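Novice: Got a predicted structure here, sequence first:
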Amino acid sequence: MDKETMNQAQENALHPQNHGSFLEKIDSGLNPIWLLELRTTLRSGRFFASFSFALFICVAAIVFALLVLASEHRVTPDQIGKGLFSTFFFLELFILCVFFPAFTCTSIISEKERKTFDLLITSDMKPHRIVFGKFLAAYTYGFLFIIASMPIVMIAFLFGGVSVFIVAFSYALLLALGMLFILYSLWASTYYKSTVRSIIGSYTMILTYSFFGSFPLVWLIMDYLYYNNLLLFFSKPFHVDQVMVVLIPVLSFLCLCILPYLLTTNSLKPISKNRTTSLKIFYAVSILTLSSLFCYWGLNYLNRLNIGQKIQESNVMFIIANSVISCILLIGCVGFPLQSTVPGIAFEKKPSLFPTFSWLLAPGAWSGAMYMGSFSLLCYMLILFFAGCLGFYAVGWAHQDCFITLPLVFWSFLFFVSVSCSYFSLHYKTEKGKWSAAITLVTVLVVFIPLLFPFSMIIDNKFQASLWNFSLFSPILCAISAVVKFEARERVNMNLFSQIPIHYLGILFYLLASLWISRKAVILHKKEILEVQRRKESFKRLQEKKID
Amino acid sequence: MIRIRNLTKKFGELYAVKNLNMDIGAGEIFGFIGPNGAGKTTTIRMLSTLLDPDEGTAWIDGYCIQTHQEEVRRKIGYMPDYFGVYEGVTVWEYLEFFARAYKVPAKERNKIIDGCMALTDFTKLSSKLVSTLSKGMTQRLCLAKTLLHDPKVLILDEPASGLDPRARIEIRTLLKELSRMGKTIFLSSHILTELADVVDSIGILEKGSMVVNGNLEAISKAISSSSSSFTIFLSLFQGQKKEQAKELLEKFPNILKIEIQGDRLEIQYAGKEEEIYQILKHLTNHDIPITGMSREEKNLEDIFMQLTKGEVS
């Protein structure tokens, strides 16, 4: 069959396209792995059998619990409702532990064993798209499993004692936990070299985690159910700021989810690109965070001996929260530019444009800063939402300046860090880029992070308004803050220029600095391009001479 | 289209591929030959961006396999030697999955899938489950999959292995058709007779190093001219006077060896090419009934056997 026949066949396509552009966009946006997995799994009898089995267990357990509870003497309908709901929650946790790892624990290794992995990797799909597709497919089945149990839990409503809030909250918890289990099973499927090992490893990991990690969750739900205090578990042992109570679990959860995702994506990358930069940064930052924290704590303890200052648990928790968020942010604003170094495709195509508009292409930094900026704003809104839902308002959080100016200060700072990282990664590029990550990280920690410090401010003498102030994260500033009296940091307008709106200066400073650095990076890159061209030409000349 | 320079891959202390250099032009069918363990699949995996070279590099359509892996993947259609298929999906769904994976625009996707199915004769089997296809059909399906994103280069690792004669002929016809469509085909195979009919040029690999590389005819001629002797076959009418002919030729200069093979004589001649007619003249002068004379041609198998020692890296 020749080319014309093929064209003819294309013309006589059996499935003509009549979709509008909007539908086409949706169609193009669908993850192919997700679609394929849904097709293959939902058609299989195994899925139908396991789904029916899970529902049967739920129904059987609820009926059994109902019979047991109803047979007890002097039991109120409220107690029956609460009892049924508790049974349901335990049962769902069990289903989560048993069924969720099964969705993903072999998903990557089975591709390798089935010999379809090479076809997948050589297609035009990036590793993160493959991982996301696998995750999405597994999460869809999981979502079906959990949501399908909703009519069963509604039985508890007939007896009372259970509010809509606790049902919604427990479903949110289960879905979040399911996400975590799926991500860890997915990682197990890339880590182990055989299906059997992957299944064993995955279940061992999830069951161990469930054994230790499910207690706080059950405790949390029971607290609310029987004592009407959702925060009792978290607030009692620590006596911390109530906002932190929400902040810390949410951030810890995000950190826990990011780690297996990064590990899985990295393992799918070809070896030359599998530098695991983001992971190295993740580990490095975690270690530095802990050491900084201990350093701060230790120095503060020594300081207390001298000045008589008390250690406040709330401050320690604040530092932990700061450090965790800093850790996530640094992964983005350092990791992204390091992995995709200076100028992208646009620069390669028309380098002549960039002396004038070099900042437009802030080398690799846009992705870092935009991603992290969006992430930080999302976190900010999430915290506000949670805090608002629970009726807690930190003083100063709803302040106009906090809402508009501070995210801008923060975003411009991130942008500045990302641009600088790109520049360093280019400037210190060694044979395999080993040192660029280390140099950049040290520079960020020692030089850049203190730069945010002068532009932060305190509102209402209560809450430090720059939400993700890096100041306590830098080892140098830890040392400084240990020497400087702790109370000094809580004064209103604690900055170098207390009479002027210092945060606007901050935005201007960071943007100008970013512009200057990105311009330097572009010039440096141009030099490199010229050097490569020169080498190519000399190599060509050498070849021609040889041929002659 | 494909340029390879000093490509080297080591597994521990063992060189799987060592200083490989070659150029393959656009629209060419290149046959990559070598004994088992010579480093063919390693080279193909490096070209397909699945393995990183330790030294040297290669460019496909101007893109480096190390620095521009995504661009290279868009330019190539890769078919491994062993591959599996997804169970529970139909032929059309399988191709649709890869079309989506290659980001074929939604508007064009169905037409392209149907075109590829027509080219590989799958139109009538579009709703058949992939898991029920035979080995030959699966090979063709994989070939259809490699064509979805209209790659300039096809890298096929043993595409005809394990196929029955009919399926082999179908694959061979398909490859010729693809070559006519302007695709550059990089093909590895053990079945040398199959390759000989299809390839424009060959590269013979042994112990990870290139033994010979270039146009098939040119290599054949070069080998023939480099050898000190060649074989001539003389056919005699019904085998008459073959003993007499043998005796006559034994006294003829530059003849190293004569053997009677049925109705013909096999002569090992070490003289000049332009003096072969003297043999005929000598025999016809003695009334030997010669009906034909032919010279042994080097085919791909002969070249392969002559140039390789059967050693693995």
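Specialist: Now that the structure is in, tell me what you want to look at.

Novice: Please count neighbours and contacts with C-alpha atoms only from this point.
Specialist: Noted.

Novice: Number of residues surrounding residue B:161?
Specialist: Number of residues near residue B:161 (other Cα atoms under 10 Å in any protein chain shown) recorded here: 16.

Novice: Residue A:61 now?
Specialist: The number of residues packed near residue A:61 is 16, by other Cα under 10 Å.

Novice: list the buried ones in stretch A:54-68?
Specialist: Going by neighbour count (16 or more other Cα atoms under 10 Å in any protein chain shown), the buried part of stretch A:54-68 is A:54, A:55, A:58, A:59, A:61, A:62, A:65, A:66.

Novice: out of the residues you listed, who's nearest residue B:44?
Specialist: The nearest member of these to residue B:44, counting by Cα to Cα, is residue A:54 at 46.9 Å.

Novice: how close does that closest one get to chain B?
Specialist: Distance, residue A:54 to chain B, by Cα to the nearest Cα, to the nearest Å: 23 Å.

Novice: So which residues of the stretch 151-300 of chain A form helices?
Specialist: Using DSSP state H, counting those that start in this stretch, the helices of the stretch 151-300 of chain A run over A:155-159, A:164-191, A:195-227, A:232-238, A:242-268, A:277-307.

Novice: For those, which has the smallest mean pLDDT value?
Specialist: Set side by side, the helices of the stretch 151-300 of chain A give their lowest mean pLDDT on helix A:232-238, at a mean of 45.

Novice: give me every residue that touches the residue lying closest to residue A:184 once chain neighbours are set aside.
Specialist: Leaving aside its chain neighbours, residue A:184 sits nearest to residue A:260 (5.7 Å; criterion: Cα to Cα, 6 or more residues apart in numbering or on different chains). Applying Cα atoms under 8 Å, 6 or more residues apart in numbering or on different chains to residue A:260 gives the contacts A:183, A:184, A:186, A:187.

Novice: Return the member of the buried residues of stretch A:54-68 nearest to residue A:132.
Specialist: Of all these, residue A:54 has the smallest distance to residue A:132: 25.6 Å, by Cα to Cα.

Novice: Hmm, residue A:95 and that closest one touching each other?
Specialist: Yes - counting by Cα atoms under 8 Å, residue A:95 is a contact partner of residue A:54 at 7.0 Å.

Novice: which of the residues in stretch A:141-151 are buried?
Specialist: Counting neighbours by 16+ other Cα under 10 Å, stretch A:141-151 gives A:141, A:142, A:143, A:145, A:146, A:149 as buried.

Novice: Of those, which is the nearest to chain B?
Specialist: Closest approach to chain B among these (Cα to the nearest Cα): residue A:141, at 17.0 Å.

Novice: quick one: contacts of the helix or strand hosting that closest one?
Specialist: If you go by DSSP states H and E, residue A:141 is part of helix A:127-148. Around helix A:127-148, the neighbours that count as contacts under Cα under 8 Å, 6+ apart are A:31-35, A:37-38, A:51, A:54-55, A:92, A:100, A:103-104, A:107, A:121, A:171, A:174-175, A:178-179, A:182-183, A:186, A:261, A:264-266, A:268-269.

Novice: what about the closest residue to residue A:31 other than its chain neighbours, how many neighbours?
Specialist: Distances taken as Cα to Cα, 6+ apart place residue A:133 nearest to residue A:31, at 5.8 Å, with adjacent residues excluded. Applying other Cα under 10 Å, we find 20 residues neighbouring residue A:133.

Novice: Need the pLDDT of residue A:133.
Specialist: On pLDDT, residue A:133 comes in at 93.

Novice: So residue B:123 is in contact with residue B:113, correct?
Specialist: No - using Cα under 8 Å, residue B:123 is not in contact with residue B:113; the gap is 9.7 Å.

Novice: wait, what's in contact with the closest residue to residue B:208 other than its chain neighbours?
Specialist: Closest residue to residue B:208 apart from its sequence neighbours, by Cα to Cα, 6+ apart: residue B:17 at 3.9 Å. Contact partners of residue B:17, counting by Cα under 8 Å, 6+ apart, are B:7, B:8, B:9, B:10, B:38, B:39, B:42, B:43, B:207, B:208, B:209.

Novice: can you rerun that using 7 Å?
Specialist: Applying Cα atoms under 7 Å, 6 or more residues apart in numbering or on different chains to residue B:17 gives the contacts B:7, B:8, B:9, B:10, B:39, B:43, B:208, B:209.

Novice: swap in residue B:42?
Specialist: Per Cα under 7 Å, 6+ apart, neighbours of residue B:42: residue B:16.

Novice: Residue B:7 bridge partners, please.
Specialist: Beta-bridge partners for residue B:7, by DSSP bridges, are residue B:20.

Novice: tally of neighbours for it?
Specialist: By other Cα under 10 Å, the residues close to residue B:7 number 23.

Novice: Does it touch residue B:19 like I think?
Specialist: Yes - contact criterion Cα atoms under 7 Å: residue B:7 and residue B:19 qualify, at 5.0 Å.

Novice: How about the residues of chain B by chain A?
Specialist: B:48, B:50, B:52, B:70, B:73-74, B:82-85, B:87-89, B:97, B:100-102, B:106-107, B:110-112, B:114-115, B:118-119, B:177, B:181 (Cα under 7 Å from any Cα of the partner chain).

Novice: What's the PyMOL line that selects buried ones from the residues you listed?
Specialist: The buried residues among the residues of chain B next to chain A can be selected in PyMOL (16+ other Cα under 10 Å) with this line:
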select buried, chain B and resi 48+50+52+70+73+74+83+84+85+88+89+97+100+101+102+106+107+110+111+112+114+115+118+119+177
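
Novice: can you tell me which of the residues of chain B next to chain A are in helices?
Specialist: B:70, B:73-74, B:97, B:100-101, B:106-107, B:110-112, B:114-115, B:118-119, B:177 (DSSP state H).

Novice: And the furthest pair within the residues you listed?
Specialist: Checked with Cα to Cα, these reach their widest spread between B:70 and B:118, with 28.3 Å between them.

Novice: show me what contacts residue A:207?
Specialist: Contacts for residue A:207 (Cα under 7 Å, 6+ apart) come out as residue A:97.

Novice: In a markdown table, list the contacts of residue B:17 along with pLDDT.
Specialist: Listed next are the contacts of residue B:17 as a markdown table, based on pLDDT from 0 to 100:
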| residue | pLDDT |
| --- | --- |
| B:7 | 87 |
| B:8 | 88 |
| B:9 | 87 |
| B:10 | 84 |
| B:39 | 85 |
| B:43 | 90 |
| B:208 | 79 |
| B:209 | 82 |
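
Novice: By neighbours, which of those residues wins?
Specialist: residue B:208 (28 neighbours).

Novice: separation between that residue and chain A?
Specialist: From residue B:208 across to chain A, the span is 21 Å (Cα to the nearest Cα).
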